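*Asks:* Sequence and predicted structure, then a few things I'm wondering about:
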Amino acid sequence: MPTSIKPIEGNWYEEVEMSRIFQVISVDFEEGMIEIEDDEGEVEELTLDDWYDMDIEPSEKGEDWSDEEGFGYMDEDEF
């Protein structure tokens, strides 16, 4: 079912069909592009058309896999 939810930077969403949780990293309405990062650290670019064709729901924050050093960063002491 296509979504009518507007992508908002910093918000978390779930792609229902794929059971994938992701955060919107950036939105460029002029270019029609959205950058997302899922809870496994995979970054992907979507067009606005792709976004609105997806079955998306707002979600709680995903697993805390990032810190202030950047997405996916871990200190050696954390191993």
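*Replies:* Okay, I see it.

*Asks:* Which secondary structure state does the residue nearest to P58 when sequence neighbours are not counted sit in?
*Replies:* Computed as C-beta to C-beta, 6 or more residues apart in numbering, the closest residue to P58 that is not its neighbour in sequence is Y13, at 6.1 Å. Yep, even glycine has a C-beta here, placed from its N, CA and C like the rest. What DSSP: H, G, I helix; E, B strand; the rest coil gives for Y13 is strand.

*Asks:* Repeat that for E37.
*Replies:* Recorded secondary structure, E37: strand (three-state DSSP).

*Asks:* check contacts around it.
*Replies:* F22, Q23, I25, V43, E44, F71 (C-beta atoms under 8 Å, 6 or more residues apart in numbering).

*Asks:* Of these, grab the buried ones for ChimeraX.
*Replies:* Here is the ChimeraX command that selects only those of the contacts of E37 that count as buried (16 or more other C-beta atoms under 10 Å):
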select :22,23
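
*Asks:* ok but D49 is inside a helix, no?
*Replies:* Yes: the assignment for D49 by three-state DSSP puts it in a helix.

*Asks:* Any chance of the backbone angles for the nearest residue to it once chain neighbours are set aside?
*Replies:* Closest residue in space to D49, ignoring its immediate chain neighbours: G32 at 7.4 Å, by C-beta to C-beta, 6+ apart. Per-residue torsions, G32: phi 70, psi 30 (degrees, to the nearest 10).
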